[in-house]
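Peer 1: Attaching a predicted model along with its sequence, questions to come.
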Amino acid sequence: LLAKLEGDPLFFFTVAFETGMRTGEILGLKWEDITKDTITLTRAMVRRRITDIKISKVRSLFVSPRLSKILQNHPRRFAGGYVFRNQHGNPCLDADTFNNAWKKALKQCRMTYRRAYICRHTRASEMLMAGVEPAFAAKQLGHTTEMFLNTYADWISGVKDRDQVNLLNNI
């Protein structure tokens with residue numbers, strides 16, 4: 001799917017898949033929020049307006065080496081300001097351009113339509129399949145542990161069930 005995207009849509013969805021960030025969080029991202037191995041989320045685009053995240057909700061995301069390399073080598077890296085800008089150099093107020101590219105890429109791949117929000121769920125399932133503790137995964141996604149467990153309980157039990165069957169087979 002990512003191979004069918006290019007330019008800013010490719011960059012946008014790479015960030016989405018690699019971090020599990022919400023659309024508004026990605027749109028509110030500034031270059032100053034990014035270090036080599038973390039992204040600090042302090043604002044989000046909500047209803048076409050930038051809003052500061054409450055201090056209790058500010059969170060730091062760990063950045064994979066793959067994403068770190070992409071971010072550090074991005075041509076606009078040293079320009080500062082918002083990472084995603086419209087053609088006038090202002091922050092993107094919505095994800096319409098990215099979503100249009102997403103729909104086109106899905107068609108090219110002959111995939112059933114899925115909301116772009118699925119990037120978040122993909123990241124959550126990847127973390128669980130890699131063995132990341134649910135409490136840590138919840139914190140990365142900005143969920144409470146309870147919310148994360150309620151949303152992804154089937155994934156957790158599915159992964160753990162296979163592990164438990166493997167243990168039984170070794171008795």
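Peer 2: It's in. Worth saying up front: this structure is predicted, and the values here are computed from it rather than measured.
Peer 1: Count the residues that sit near the closest residue to V58 other than its chain neighbours.
Peer 2: Among residues not flanking V58 along the chain, T42 sits closest, at 5.3 Å (C-beta to C-beta, 6 or more residues apart in numbering). For every residue, glycine as well, the C-beta is placed using N, CA and C. When counting by other C-beta atoms under 10 Å, one arrives at 18 neighbours for T42.
Peer 1: Please look at T42 and S60 and confirm they touch.
Peer 2: No - contact between T42 and S60 fails when scored by C-beta atoms under 8 Å: they sit 10.0 Å apart.
Peer 1: need the contact list for R85.
Peer 2: Applying C-beta atoms under 8 Å, 6 or more residues apart in numbering, we find R85 in contact with R76, P91, C92.
Peer 1: measure it to K30 for me?
Peer 2: In this view, R85 and K30 are 11 Å apart by C-beta to C-beta, to the nearest Å.
Peer 1: show me where pLDDT drops low in this protein?
Peer 2: 156-162 (pLDDT under 70).
Peer 1: Give me the most central residue, it.
Peer 2: Most central in the chain under C-alpha atoms, centre = their mean is G20, positioned 2.4 Å from the mean C-alpha point.
Peer 1: show me what contacts the closest residue to that one other than its chain neighbours?
Peer 2: Closest residue to G20 apart from its sequence neighbours, by C-beta to C-beta, 6+ apart: R123 at 3.1 Å. Listed by C-beta under 8 Å, 6+ apart, the contact partners of R123 are F17, E18, T19, G20, L141.
Peer 1: Let me know how buried the second one is, in neighbour terms.
Peer 2: Spelled out, it's E18. Using other C-beta under 10 Å, E18 has 21 other residues around it.
Peer 1: Mind giving me the packing neighbours of the one helix or strand Q164 maps to?
Peer 2: For Q164, the element it lies in under DSSP states H and E is helix 145-169. The helices and strands touching helix 145-169, judged by 3 or more C-beta pairs under 8 Å, 6 or more residues apart in numbering; DSSP states H and E, are helix 118-129, helix 134-141.
Peer 1: which residues make contact with that helix from outside it?
Peer 2: A124, S125, L128, M129, P134, A135, A137, A138, L141, H143.
Peer 1: cutoff 7 Å now
Peer 2: Applying C-beta atoms under 7 Å, 6 or more residues apart in numbering, the external contacts of helix 145-169 come out as A124, S125, L128, M129, P134, A135, A137, A138, L141.
Peer 1: Among the contacts of R123, which one sits closest to W102?
Peer 2: F17 (11.5 Å; C-beta to C-beta).
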